[in-house]
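Enquirer: One predicted model, sequence on top.
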Amino acid sequence: MFHKFSTLVIGVALGAGLASGPTSATPVQEAPWIPEAAAYRLTLFLGNLTPVPWDELERAWFEPYHQSQFAQGAFQWLEAESDVETDQLIAAIASEDRQAVFSEATRLIAVRINEELDEALAAETPAAAQQAVGAAQELYRAFADHIAAADPDAAREIGLAWLEMASATGSAGVLGVAVVQPDRDAMQASRAVISDYLAANYLIHSFAPRDTLSAVPETVALGGHAVAIPVTLPPGSDIFDQDPLPRLVLGFEEQGIDETDLPLIAYGDMLFDSPEIFSGPARELGIACSSCHNRSDINQRFFIPGASHQPGAVDVDGAFFNPMFNDRRDDPIDIPSLRGLRFTGPYGRDGRFASLRDFTRNVIVNEFAGAEPTPFMLDAIVAYMTEFDFLPNSLLTGDGQLTAAASEAARQGEEIFNRPFDGLGGRSCASCHVPDGNFLDRQAHDIGSVAPAYQDARAGALDTPTLLGTVYTAPYFHDGSLPTLAAVVDWFDDTNALGLSGAERDDLTAYLEAVGAADEPYEQFDDENTPFRLAFAELTTFASTLDTLLLRRDIHHILLLTDSVASDLAADAGTMANLSARPEVYSLAAHLAEVGTAVRAGDWPAAEASWAAFQGEAQAIEERAF
């Protein structure tokens, strides 16, 4: 139940200090959290949003966090597993007292650590002692990275104490042979190191007011020194790629053109996959454009508590990514697909950006706090994104007509789709979703799906979305409120009094499913075409732009590329099936990093030599299966 080994590794790593450097767009899976530790970290995260989402903070303690391995929320778990009192914390949450919630929650975690350490010392068997120590370590994890950032010397001392305590719990032996009983004196000595620190920093009567909630030790907080707390996502977050991975259709590839011959597009491809173009939390967490828009489509698993109301949605103008751009409204939207982007303007859910270039700049600078992109960067990323094409669909012709492969129900639905309705003001579904215009009209309409923000508000008009590929982009509407295409048909019929029969609803749904279908919607992997091979091909393609950039002595854009690609290449090596080749990939990443180091030093011959070494090794590696 408790992930003892992972916590030990975390504690030792944090005690040794935090590494810094270029960020990677390859996220790392973290160990699950036990309920009260998860609730505490969610409290810190949500409590730092403006305004504080109190409903979510309350759920963090009463309900299991997103994708939790535990069926109980923290309070229910504590009632069954602990003697700790929770009444004061519950009262603080109910009164929406941010400082009181922080204080009570922090003390609760410290009390729980001591409670588990008491159990470890009282345990009669090595197994029971080890389980209690493991639970205590999982609880300490809620403080660990903040202690490491604020008080590294103490973090190392406490990390060593955890190791010594775990070793002192003894061993159950093998089949009852060679049993080693717990060393109570060693356990007590290690426990004193941990508990004394907790007493001085987390079990105090009154915490100093904190503008930013964190588990920074109170003795450090009182010193008034600024502490750089590492940005982390709260428990329940999921920024991993969708599985199965959407298939990417690029116009130039379909015409047989190699991306390495298109340096502007290849550089834009790199930018689309690089956290380096952002700043703040997005950059530090390794979030890139491709994190939300997997392979030009959507990431239906993307979820961050406080920023997402459900998987596949995010509030990009909330408090988390860029406080300067915080509109103080809880309005997450369903992540849109970018397929066929050159056909789908204007841009933004309400069509507020006529230009894809202006929309892209807004995403980088305002939504994700990035530095002002250079004209070359905007040229490159727009050039890449305008190559996104729709998924091929053998049920549909290029001008939006059903083919002979479509079902009879879909054909009946096509007639309904083109039928004028009084409830739609004499228009049909096809009036907005124009079949020979990629099923959109490039206009914004208020269909009544957005609740008015205030009396007489006229802000409900949303950009007409295409229907192409929609079978794979559920849920639907701007807020993802409708789970299926059938639910969309029902909504329009009910809200506009279309008067469809049950059979007509089914036929219209069948038509939408035919229009939104695709022949091959997902990437197909096998023993040779592995996820690593796909990533390797992409990253070496990104690097190919150095042929052009080095000739131009373009320092800024070279460093942006090397910082992005070298770290990702090293991270992706961890997914290789061919374990013996991993050192070669790490060497390849090192060559790319050496290009950046040489460019920073103004040593262009060394940069070109490292680039030549990269090219030679990359070709050799590419010839083997991964």
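Expert: Alright, I've got the coordinates. Numbering: from 1, shown residues only.
Enquirer: what residues are up against the residue nearest the centre of the chain?
Expert: Nearest residue to the geometric centre of the chain (Cα atoms, centre = their mean): Ile239, 2.1 Å. By Cβ atoms under 8 Å, 6 or more residues apart in numbering, the contact list for Ile239 reads 27, 233, 285-287, 291, 299, 302-304. (Glycine included, C-beta is placed from N, CA and C.)
Enquirer: Could you pull up phi and psi at it?
Expert: phi -120, psi 20 (degrees, to the nearest 10).
Enquirer: Packing partners of the one helix or strand Val382 maps to?
Expert: Using DSSP states H and E, Val382 sits in helix 375-385. With contacts taken as 3 or more Cβ pairs under 8 Å, 6 or more residues apart in numbering; DSSP states H and E, helix 375-385 sits against helix 263-272, helix 356-362, helix 555-572.
Enquirer: tell me the mean pLDDT for it?
Expert: Averaging pLDDT along helix 375-385 gives 98.
Enquirer: buried residues in it?
Expert: 376-378, 380-385 (16 or more other Cβ atoms under 10 Å).
Enquirer: can I get these in CSV with distance to Gly280?
Expert: Shown next, in CSV, are those (distance: Cβ to Cβ, whole Å):
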residue, distance to Gly280
Phe376, 23
Met377, 18
Leu378, 20
Ala380, 22
Ile381, 19
Val382, 23
Ala383, 26
Tyr384, 24
Met385, 23
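Enquirer: which of the residues you listed lies closest to Ser580?
Expert: Tyr384 (34.2 Å; Cβ to Cβ).
Enquirer: just checking, that closest one touches Leu271?
Expert: Yes - between Tyr384 and Leu271 there is a contact at 7.5 Å, judged by Cβ atoms under 8 Å.
Enquirer: Excluding covalently adjacent residues, which one is nearest to Tyr40?
Expert: In space, and not counting its chain neighbours, Tyr40 is closest to Ala142: 4.7 Å by Cβ to Cβ, 6 or more residues apart in numbering.
Enquirer: Quick check, that neighbour in contact with Arg41.
Expert: Yes - the criterion here is Cβ under 8 Å, and Ala142 meets it with Arg41 at 5.7 Å.
Enquirer: what is in contact with those two at once?
Expert: By Cβ under 8 Å, 6+ apart, the residues touching both Ala142 and Arg41 are Trp33.
Enquirer: C-terminal to the helix holding Val382, what's the next element?
Expert: helix 408-417.
Enquirer: now that following helix: mean pLDDT?
Expert: On average, helix 408-417 scores 98.
Enquirer: Show me the contact partners of the helix or strand that comes right after that helix.
Expert: Sequence-wise, the next helix or strand downstream of helix 408-417 (DSSP H and E) is helix 429-432. Residues outside helix 429-432 that contact it (Cβ under 8 Å, 6+ apart) are 416-418, 424, 440-441, 443, 445, 464, 492, 508.
Enquirer: Same list, those residues, but as CSV with distance to Leu569 and neighbour count please.
Expert: Below are the contacts of helix 429-432 laid out as CSV (distance: Cβ to Cβ, whole Å; neighbours: other Cβ atoms under 10 Å):
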residue, distance to Leu569, neighbour count
Ile416, 51, 19
Phe417, 47, 20
Asn418, 51, 13
Leu424, 52, 17
Leu440, 38, 19
Asp441, 43, 15
Gln443, 44, 11
His445, 45, 16
Thr464, 40, 21
Phe492, 48, 21
Leu508, 48, 29
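Enquirer: what stretches of the stretch 1-150 of the chain score poorly on pLDDT?
Expert: 1-21 (pLDDT under 70).
Enquirer: so where do the strands sit in it?
Expert: Assigned by DSSP state E, counting those that start in this stretch, the stretch 1-150 of the chain shows no strands.
Enquirer: So which residues of it form helices?
Expert: Ranges of helices in the stretch 1-150 of the chain, per DSSP state H, counting those that start in this stretch, are 4-15, 35-47, 54-62, 74-81, 87-94, 98-122, 126-150.
Enquirer: Those: which one's closest to Phe325?
Expert: helix 35-47 (18.4 Å).
Enquirer: any idea how far Thr212 is from Gly236?
Expert: 21 Å (Cβ to Cβ, to the nearest Å).
Enquirer: same check, this time on Pro230
Expert: 18 Å.
Enquirer: Those two - which one has more neighbours?
Expert: Gly236 (21 against 13; other Cβ atoms under 10 Å).
Enquirer: tell me the contacts of the residue nearest to the more buried one when sequence neighbours are not counted?
Expert: In space, Gly236 comes closest to His66 once its chain neighbours are excluded; the distance is 3.4 Å by Cβ to Cβ, 6+ apart. By Cβ under 8 Å, 6+ apart, His66 lies in contact with 235-238, 303, 305, 311.
Enquirer: Phe421: neighbouring residues, count only.
Expert: 19.
Enquirer: host element of the residue nearest to it when sequence neighbours are not counted?
Expert: With Cβ to Cβ, 6+ apart as the criterion, Phe421 has its nearest non-adjacent residue at 5.1 Å, and that residue is Leu498. Using DSSP H and E, Leu498 is not contained in any helix or strand.
Enquirer: ok now do Leu498, which residues does it touch?
Expert: Contacts of Leu498 by Cβ under 8 Å, 6+ apart are 421, 423-424, 492.
Enquirer: of all those residues, which comes closest to Ile204?
Expert: Nearest to Ile204 among those, with distances taken as Cβ to Cβ, is Phe492, at 58.8 Å.
Enquirer: ok, now how distant is the closest one from Gly425?
Expert: Shown here: Phe492 relative to Gly425, a distance of 13 Å by Cβ to Cβ.
Enquirer: all helices of the stretch 201-350 of the chain, in order?
Expert: 218-223, 251-254, 263-272, 280-285, 289-292.
Enquirer: Might you calculate how far the last one sits from the centre of the chain?
Expert: For helix 289-292, the gap between its own C-alpha mean and the chain's C-alpha mean amounts to 8 Å (Cα atoms, centre = their mean, to the nearest Å).
Enquirer: same for that helix, what does it pack against?
Expert: Secondary elements touching helix 289-292 (3+ Cβ pairs under 8 Å, 6+ apart): helix 263-272.
Enquirer: Now do the helix it packs on against helix 555-572, angle only.
Expert: 60 degrees (axes from the mean of the first three to the mean of the last three Cα atoms, to 10 degrees).
Enquirer: quick one: helix 263-272 to helix 375-385, angle?
Expert: 90 degrees.
Enquirer: what's in contact with helix 263-272?
Expert: Contacts for helix 263-272 (Cβ under 8 Å, 6+ apart): 252, 259-260, 277, 288-290, 293, 376-377, 379-385, 387, 538, 541-542, 544-545, 547-549, 557, 560-561, 564-565.
Enquirer: Please spell out the ChimeraX selection for the buried subset of the residues you listed.
Expert: To isolate the buried ones among those in ChimeraX, judged by 16+ other Cβ under 10 Å, type:
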select :259,277,288,289,290,293,376,377,380,381,382,383,384,385,387,538,541,542,544,545,549,557,560,561,564,565
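Enquirer: mind listing the strands for the stretch 451-600 of the chain?
Expert: Using DSSP E, counting those that start in this stretch, strands in the stretch 451-600 of the chain cover 462-463.
Enquirer: Which parts of it are helices?
Expert: For the stretch 451-600 of the chain, the helices defined by DSSP H, counting those that start in this stretch occupy 485-496, 502-515, 531-543, 546-552, 555-572, 582-600.
Enquirer: list the contacts for Ala149?
Expert: Going by Cβ under 8 Å, 6+ apart, Ala149 touches 18, 216, 227-230.
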